[in-house]
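K.L.:
this one's structure only:
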């Protein structure tokens with residue numbers, strides 16, 4: 001028998017981000033949200049939802065409507081803004097394999113429309129992320145699999161919080177990125193690319209802490225609907241990532 005995965009004491013923290021109900025009262029938020037989490041965590045079809053969570057159509061309609069309206073994204077941003085520790089932040093990226101059901105029917109050339117691209121490992125989507133000092137995600141950017149790390153860094157740099165240090169791997173080593181962070185008052189701990197004529201010194205002991213964001217990616221991939229992309233719609237898949245990050249790290 002399926003059980004609720006959203007405890008009652010979490011609802012007060014989430015309720016401010018829920019849309020207001022107009023007219024007919026909304027079906028029990030705790031039960032429906034628990035069903036949505038159960039489906040995404042286990043990578044199930046909506047029609048396979050346990051009956052304890054109510055009609056599958058109700059779960060899917062709530063999931064699609066709240067995804068389209070950015071409700072899950074607002075929950076993550078709201079909770080992370082209140083609780084994140086910004087003394088040190090980390091940036092990295094990971095590949096998420098795209099199932100054939102997500103990559104079929106073609107999209108814009110280069111995967112721009114659906115954010116799926118061909119890499120050495122096959123068709124995939126790339127998830128770029130920024131995490132706080134404890135390795136908890138505070139920002140995401142999604143792109144086609146072949147997009148470079150520093151392109152993702154460029155997309156995320158405008159939303160970086162005030163921080164003392166930023167840790168990143170060689171994929172983020174670019175002069176413009178270092179200079180932009182310096183202008184923001186953020187110290188950089190990024191190894192230089194091997195192609196640089198003169199290596200840039202960095203704090204190796206501090207750099208070891210970057211494994212926390214790699215652990216974060218590993219935990220996100222424990223959710224089967226995140227580890228393998230089944231959704232053709234990039235907005236829906238991105239909401240699945242946001243939901244997993246919220247439940248794993250901010251609730």
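P.N.:
Okay, I see it. Owing to the predicted nature of the structure, the values given are computational and were not obtained by experimental measurement.
K.L.:
Every contact and neighbour count from this point should use C-alpha atoms.
P.N.:
Fine.
K.L.:
Just the terminal-to-terminal distance for stretch 10-28.
P.N.:
One end of stretch 10-28 sits 14 Å from the other (CA to CA, to the nearest Å).
K.L.:
which other residues reach that stretch?
P.N.:
Stretch 10-28 is touched from outside by 30, 71, 74-75, 251, with contacts defined as CA atoms under 8 Å, 6 or more residues apart in numbering.
K.L.:
what do you get for stretch 72-90?
P.N.:
Residues contacting stretch 72-90 (CA under 8 Å, 6+ apart): 14, 17, 66, 130-139, 161-168, 210, 213, 239, 242-243, 245-246, 250.
K.L.:
And the average pLDDT for stretch 181-195 is what?
P.N.:
Stretch 181-195 shows a mean pLDDT of 93 in the predicted model.
K.L.:
Repeat that for stretch 161-177.
P.N.:
92.
K.L.:
in it, what's buried?
P.N.:
By neighbour count with 16 or more other CA atoms under 10 Å, stretch 161-177 contains the buried residues 161, 163, 165-169, 171-173, 177.
K.L.:
Give me the subset of those residues lying in strands.
P.N.:
165-167 (DSSP state E).
K.L.:
circling back: farthest pair in the contacts of stretch 10-28?
P.N.:
30 and 74 (17.7 Å; CA to CA).
K.L.:
Have a look at the two and say which one is more surrounded.
P.N.:
The neighbour count for residue 30 versus residue 74, taken as other CA atoms under 10 Å, is higher for residue 30 (17 against 14).
K.L.:
any idea which of the buried residues of stretch 161-177 is the one closest to residue 195?
P.N.:
So of those, ranked by how close each gets to residue 195 (CA to CA), first place is residue 173, at 10.5 Å.
K.L.:
give the contact list for the closest one.
P.N.:
Contacts of residue 173 by CA under 8 Å, 6+ apart are 150, 190-193.
K.L.:
got a winner among those for most neighbours?
P.N.:
Counting neighbours by other CA under 10 Å, residue 190 comes out on top of the contacts of residue 173 with 22 neighbours.
K.L.:
close enough to count as contact, that residue and residue 165?
P.N.:
No. If you go by CA atoms under 8 Å, residue 190 and residue 165 don't touch, sitting 10.3 Å apart.
K.L.:
Just to confirm, what confidence does the model report for residue 102?
P.N.:
89.
K.L.:
let me fix that: residue 114
P.N.:
At residue 114, the model reports a pLDDT of 85.
K.L.:
Around residue 22, count how many other residues there are.
P.N.:
Residue 22: 7 neighbours (other CA under 10 Å).
K.L.:
With residue 79 instead?
P.N.:
18.
K.L.:
so where does it fall, helix or strand?
P.N.:
helix 71-83 (DSSP states H and E).
K.L.:
which parts of that helix are buried?
P.N.:
71-73, 75-76, 78-80.
K.L.:
Tell me how far that helix lies from the chain's centre.
P.N.:
12 Å (CA atoms, centre = their mean, to the nearest Å).
K.L.:
which one of the contacts of residue 173 is nearest residue 220?
P.N.:
residue 150 (21.8 Å).
K.L.:
Wait, that closest one touches residue 169, no?
P.N.:
No. Residue 150 lies out of contact with residue 169 (CA under 8 Å); the separation is 10.1 Å.
K.L.:
Which parts of the stretch 101-250 of the chain are helices?
P.N.:
149-156, 175-183, 204-207, 211-220, 224-227, 234-249 (DSSP state H, counting those that start in this stretch).
K.L.:
Name the helix or strand of the protein that has the lowest mean pLDDT.
P.N.:
The weakest-scoring helix or strand in the chain, judged by mean pLDDT, DSSP states H and E, is helix 11-14 (a mean of 80).
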